[in-house]
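> fold the following for me, if possible:
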Amino acid sequence: MGSREDADDKAPDSKRAQLPSRTPVVVTLMGDGGAEVRFEIFGREHPEQSDYWDGNWLLTHVILRAGGFRGEFQPSLRVEEFVRLRDGVRVCMTDLRGTFVFETMEDQLTIIAKGDGLGHFRAECRAEDVAGTGNELTFTVDLDQTYLQPLASQLDAVLRAYPVLGHPNA
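Below is the predicted model:
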């Protein structure tokens, strides 16, 4: 059995205390009725690394709002996951029947948004506070096409601040 200190090290709040105090780069998937998934990106988890596998982990804090539910956690996210999201959002800006997806290597956050062709998108979301063993929240975020351009611009800002390092085959 683990000690109390071991349990505290795994608690989501203990990771929050490790986040730098600098101002984060923010990306917000906004939806109708105040629903949102807000990413706060504080930097690279391993700033001394420049390779693809270790250098692309980000220090993140995610805030969720959906109906009467509120939550926050610190998932393990990677730069290339934001690239795929940005690319999908850009496609949906012109293809209103398109889909944009955010899936994470650690499976802590999934967002799959599908367009109805009329400018409305429904994002089916799943969050897990601790990779593989955590509590799970599933929720939806309804949004329209007017939210896509600001989202794409915010994602561009993240990728300017934290470009993908290295190559997976290097």
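
> buried residues, stretch 105-121. List them.
With burial defined by 16 or more other C-beta atoms under 10 Å, the residues of stretch 105-121 counted as buried are 108-111, 113-115, 121. Glycine gets a C-beta too; all of them are placed from N, C-alpha and C.

> I meant stretch 97-105, not that one.
When burial is assessed from 16+ other C-beta under 10 Å, stretch 97-105 yields the following buried residues: 98, 100-102, 104.

> between those, which is nearest Arg65?
Using C-beta to C-beta, the shortest approach to Arg65 within the buried residues of stretch 97-105 belongs to Phe102, at 16.4 Å.

> element containing the closest one?
Taking DSSP states H and E as the criterion, Phe102 maps to strand 99-103.

> what strands line up against that strand, and which way round?
strand 109-115 (antiparallel) (DSSP bridges).

> can you lay out the buried residues of stretch 97-105 as JSON lines showing distance to Gly33 and pLDDT?
Converted to JSON lines, the buried residues of stretch 97-105 look like this (distance: C-beta to C-beta, whole Å; pLDDT from 0 to 100):
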{"residue": "Gly98", "distance to Gly33": "23", "pLDDT": "97"}
{"residue": "Phe100", "distance to Gly33": "20", "pLDDT": "98"}
{"residue": "Val101", "distance to Gly33": "23", "pLDDT": "98"}
{"residue": "Phe102", "distance to Gly33": "20", "pLDDT": "98"}
{"residue": "Thr104", "distance to Gly33": "25", "pLDDT": "97"}
